[in-house]
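Asks: I would like the atomic coordinates for the input below:
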Amino acid sequence: MLLGVPLNPDEPACPRFTARDLTPLLAQQKPLTTSIIPFSQPSKSITSEASLAELKHRLDEAEVKLRKIKAMLNRMK
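Replies: Numbers count the residues shown, from 1 in each chain. Alright, predicted model coming up:
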């Protein structure tokens with residue numbers, strides 16, 4: 001039941017809805033790859049190692065963002 005309206009799980013929620021076949025669209029898509037997307041801008045150095053100072057700087061930036069998010073959530077209460 002959704003918003004007091006009984007629903008049949010074997011039928012679409014909207015009687016006017018007709019599902020389309022997604023197989024042609026899926027065949028056209030590139031295969032999914034797993035990649036890591038960093039939250040902050042990547043450093044200019046291409047090495048996989050970061051200095052301790054750079055890590056502390058990133059942590060400080062993350063803490064500032066977290067404080068801003070917490071403040072926004074507290075204002076919404």
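Asks: number of residues surrounding residue 61?
Replies: Neighbour count of residue 61, defined by other Cβ atoms under 10 Å: 13. Where C-beta positions appear, they are placed from N, C-alpha and C, glycine not excepted.
Asks: need phi/psi at it.
Replies: Note on residue 61: its backbone torsions stand at phi -60, psi -40 [degrees, to the nearest 10].
Asks: again, but for the one 4 residues further on
Replies: In this entry, residue 65 is assigned phi and psi values of phi -60, psi -40 (degrees, to the nearest 10).
Asks: roughly how far does it sit from residue 75?
Replies: Here residue 65 is placed at a distance of 16 Å from residue 75 (Cβ to Cβ, to the nearest Å).
Asks: for this structure, give me the ranges with low pLDDT.
Replies: Flagging of the chain using pLDDT under 70 yields the residue ranges 1-3, 11-48.
Asks: regarding residue 63, which helix or strand does it belong to?
Replies: Here residue 63, judged by DSSP states H and E, is contained in helix 52-76.
Asks: buried residues of that helix, list them for me.
Replies: Burial within helix 52-76, assessed by neighbour count using 16 or more other Cβ atoms under 10 Å, is assigned to residue 58.
Asks: that one packs against which elements?
Replies: Contacting helix 52-76 under the criterion 3 or more Cβ pairs under 8 Å, 6 or more residues apart in numbering; DSSP states H and E is no other helix or strand.
Asks: how many neighbours does residue 51 have?
Replies: Residue 51 has 11 neighbouring residues, counting by other Cβ under 10 Å.
Asks: what residues are up against residue 6?
Replies: Residues counted as contacts of residue 6 (Cβ atoms under 8 Å, 6 or more residues apart in numbering): none.
Asks: distance check, it against residue 70.
Replies: For residue 6, the distance to residue 70 - Cβ to Cβ - is 41 Å.
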